[in-house]
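>>> Provided below are the primary sequence and the corresponding predicted coordinates.
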Amino acid sequence: MEAARGRGPRPTFIEELDWLWRHYVHPPGHGQASDILKACRTLLLDGAPGNGRIATARVLLRELSSGAERFHELTWEEKNGRYLLEPASIGDDDRVWLDLSRADERAWRCFQDELSSLRKMVVEHAAFLVIVLPGNGREGLSPEFGQFHWTIGHPPAQEVLRRYLRLAGVPGAVTIPPPEFLKTERPVREIAKFADLVVSAYKNAPEAPHHAWYKSAESAYSGFGTGVAEAVKELRHGPQRALLLATAMLHNAHVDHVHDAAVALLDIVGYADERHSLERSDLLTSLGEIGAVPDANGHVRFKELGYDAAVRALFWHHMPGLRDGIQRWVGRMIDDPCLPDDDRYQLAKRFAEQCLNLRYRHVLVESVAEWTKGPKTYRRQMAADQALRRALTAEEHGMSFRKQIYNWARDDHLSESLAQVIIRMCTEVIAVTHPDQAVVRLHHRARRESRSTNARTALLEMVAADPWLRRLLLVRLTRLAINGREWRRDVELFLDVAEPTVFTAPGDRDRPLVAEAEIRALLTEGWKRAFRETAALAWYDRAREWLITALHDDRHRDLLVDILIEGSERRGDVLGGLYTAARSLSRFTPDDRARSATLLNVVLWKICTAQGIQVS
């Protein structure tokens, strides 16, 4: 896993945030919004859809960062008509945003009921919060929150385009006149998409004039209007259309693989071509008929920029009778051992893109489940990986697929292959912007592992490098033991997480976790379960580590011992085990007998006090 190789998801997200910051053009009202955020630590960000409010929220938080703070998006879940945060969602000095842009009127009212407590949490942790309001948010905003509200305008469209082109190295980006595309008001994300197409057009034809790049980008952006439909209409034979779709789905693959894919598609849909191979057109002629051409290395591309995407969309959205066949064909091609991995990954991602629609999400879910059942193969698993990666990073669909990962994580009968895929999705994708959700999903999976411990290992690696995530997991391991279904695996996880030096180490504010009353209560509850539900053989070594830490840490000695003693619930066998562990330290540290004696006296005195025995 990526985290295990030393490059976790957080550096990746910071790089993406810096990229956004460089490409960002300040909209009208940015400065005033920044002033409110600095003064109040909370900003209710308003503006017309398409103004780049999410990007503005992230940039405002980035401008208040020294580089060491945590950035993440807050997520909520509805419980009994209330919208609640995951416990411990905001940590010290966090930079967080909450996207309510799609919230309905009822949800917005409910969110406002929780806003005061959320702001209290933000202030207590010296964090900063930006909330992106729904379209009607300003009208329904309670008066007491008006001081945190500000509206931004639309950034200058031409400046947005020029910034993207200049940073991409397009010559003359600052001086070339604006395209026809900008004569219509466009959302910022669409301007960015258009800029990417212009950059691609420039790279395909660097010697062409700028208006040719614009024209090519405008055609690709519009999906070629009815042009693709008309072109397909002219292709009256099945083999022509099969080659067209195969070229679109395997764009830039070698001509041999495109040909084989077209043949496989004809077989899947039951098309029988009775002509002898000597009577058919040669492949180069067939490619020319569909507007494609192989390069010097035999890799096939359409002549027009973006034509491949338009063809894929046409077949999927406007030929419903082929969808089932396309789905089965993609599955067959993924299994093809001759198809290079890069082409297989692109095929899976392009198929996923066609399913990024509320109507077709279930098709991708079914396909991923199908690819990862039965005999485990690397090819199928990695195709599922690439498809889900594409779906999870889609702005409008990421939430839905994170929910699907959550449902899979809680499946008691999940295949081992799919389990491995969702573990990677948690550690490498979801953790980038939603680390709390990644922990929740890995925790559910770790509870249910029967043969492997991959989810458990990934979960422990994730929280090991992050005190905030460790706190979140600790909350789940203890509070859910009281209010929800109890899992024996949670006790094992608690013992893994309860490293004493982590809780006594100075935090960012020189305040260790163990100094917080809430953390001590959670640790005590965790030890209660460990002492109550496991044999001494399971908990003894970890408890001894706590006593070793207490031996050398004068400042936190009493706190550490108190947690253990209180967790024992005055059980004689547990107290005896703790006393035995404390006595063993005199042999463990023969050069520090004074410290050992002090610790033993502290443990003995607290044991006697817990049992109601007076000590003179």
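Okay, I see it.
>>> ok, now which ones touch the spatially most central residue of the chain?
Nearest residue to the geometric centre of the chain (CA atoms, centre = their mean): I430, 1.7 Å. Counting by CB atoms under 8 Å, 6 or more residues apart in numbering, I430 makes contact with L392, R402, I405, Q437, A438, R441. Heads up, the C-betas are built off the backbone N, CA and C, glycines and all.
>>> One more pass at 6 Å, please.
Q437, A438 (CB atoms under 6 Å, 6 or more residues apart in numbering).
>>> Kindly report the same for L600.
A582.
>>> mind redoing it with 8 Å?
A582, R583, L585, S586.
>>> Could you say which helix or strand holds it?
helix 593-610 (DSSP states H and E).
>>> Next, the buried residues of that helix.
R595, S596, L599, L600, V602, V603, L604, K606, I607, A610 (16 or more other CB atoms under 10 Å).
>>> hang on, the earlier thing: now the buried members of the contacts of L600.
Applying 16+ other CB under 10 Å to the contacts of L600 flags A582, L585, S586 as buried.
>>> Just to be sure, L64 is in a helix?
No. L64: not assigned to a helix; according to DSSP: H, G, I helix; E, B strand; the rest coil it is coil.
>>> The residue lying closest to it once chain neighbours are set aside: neighbour count?
In space, and not counting its chain neighbours, L64 is closest to F128: 5.6 Å by CB to CB, 6 or more residues apart in numbering. Look at F128: counted by other CB atoms under 10 Å, it has 23 neighbours.
>>> can you pull up the bridge partners for F128?
R95 (DSSP bridges).
>>> what's the residue nearest to L283 when sequence neighbours are not counted in contact with, if anything?
In space, L283 comes closest to H259 once its chain neighbours are excluded; the distance is 5.9 Å by CB to CB, 6+ apart. H259 sits next to L243, A246, L283 when contact means CB under 8 Å, 6+ apart.
>>> before we move on, the earlier item: pLDDT score for the residue nearest to L64?
For F128, the model assigns a pLDDT of 96.
>>> Now do the contacts for it.
Contacts of F128 by CB under 8 Å, 6+ apart are L37, R41, T42, L61, L64, D94, R95, V96, V122.
>>> Emit the PyMOL select command for whichever of these are buried.
Remark: buried members of the contacts of F128, expressed as a PyMOL selection using 16+ other CB under 10 Å:
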select buried, resi 37+41+42+61+94+95+96+122
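>>> Which two of the contacts of F128 have the greatest separation?
L37 and D94 (13.5 Å; CB to CB).
>>> List the buried residues in the helix or strand harbouring L418.
L418 is located in helix 416-425, with elements delineated by DSSP H and E. Buried residues in helix 416-425, counting neighbours by 16+ other CB under 10 Å, are found at S417, L418, A419, Q420, V421, I422, I423, R424, M425.
>>> and the contacts of F128 as a markdown table, adding pLDDT and distance to S367?
Below are the contacts of F128 laid out as a markdown table (pLDDT from 0 to 100; distance: CB to CB, whole Å):
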| residue | pLDDT | distance to S367 |
| --- | --- | --- |
| L37 | 97 | 43 |
| R41 | 96 | 44 |
| T42 | 97 | 42 |
| L61 | 95 | 37 |
| L64 | 93 | 42 |
| D94 | 90 | 37 |
| R95 | 93 | 37 |
| V96 | 93 | 34 |
| V122 | 93 | 41 |
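>>> Nearest to A538 among the contacts of F128?
Nearest to A538 among these, with distances taken as CB to CB, is D94, at 34.9 Å.
>>> Excluding residues flanking it in the chain, which one is nearest the closest one?
Using CB to CB, 6+ apart, the closest residue to D94 is A127 (4.2 Å).
>>> in the longest helix anywhere in the chain, what counts as buried?
The helix that spans the most residues within the chain, counting by DSSP state H, is helix 105-124. By neighbour count on 16+ other CB under 10 Å, the buried set for helix 105-124 is W108, C110, F111, Q112, L115, L118, R119, M121, V122.
>>> With stretch 128-137 instead?
F128, L129, V130, I131, V132, L133, P134, G135, G137.
>>> How is the protein divided into domains?
Domain ranges of the chain: 26-151, 157-222, 227-330, per automatic domain parsing.
>>> and the closest residue to T377 other than its chain neighbours, how many residues sit next to it?
What sits nearest to T377 in space, not counting adjacent residues and going by CB to CB, 6+ apart, is D335, at 7.5 Å. By the measure other CB under 10 Å, the count of residues near D335 is 14.
>>> Quick check: D335 vs A348, distance?
Distance from D335 to A348, counting by CB to CB, to the nearest Å: 12 Å.
>>> Okay, now the unreliable bits of the stretch 401-550 of the chain?
The model of the stretch 401-550 of the chain has pLDDT under 70 over residues 480-485, 508-509.
>>> And the helices in it?
In order along the chain, the stretch 401-550 of the chain carries the following helices (DSSP state H, counting those that start in this stretch): 416-425, 431-433, 435-448, 454-464, 467-483, 488-497, 500-504, 517-533, 536-552.
>>> Which one of the ones you listed lies nearest to L578?
Within the helices of the stretch 401-550 of the chain, the stretch nearest L578 is helix 536-552; the backing value is 6.2 Å (CB to CB).
>>> Columns pLDDT on top of the buried residues of helix 593-610, output as a markdown table?
Compiled in a markdown table, those are given as follows (pLDDT from 0 to 100):
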| residue | pLDDT |
| --- | --- |
| R595 | 84 |
| S596 | 87 |
| L599 | 90 |
| L600 | 90 |
| V602 | 92 |
| V603 | 92 |
| L604 | 93 |
| K606 | 91 |
| I607 | 92 |
| A610 | 87 |
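>>> Am I right that L115 is in contact with L141?
No. Look at L115 against L141 with CB atoms under 8 Å: they stay out of range, at 10.0 Å.
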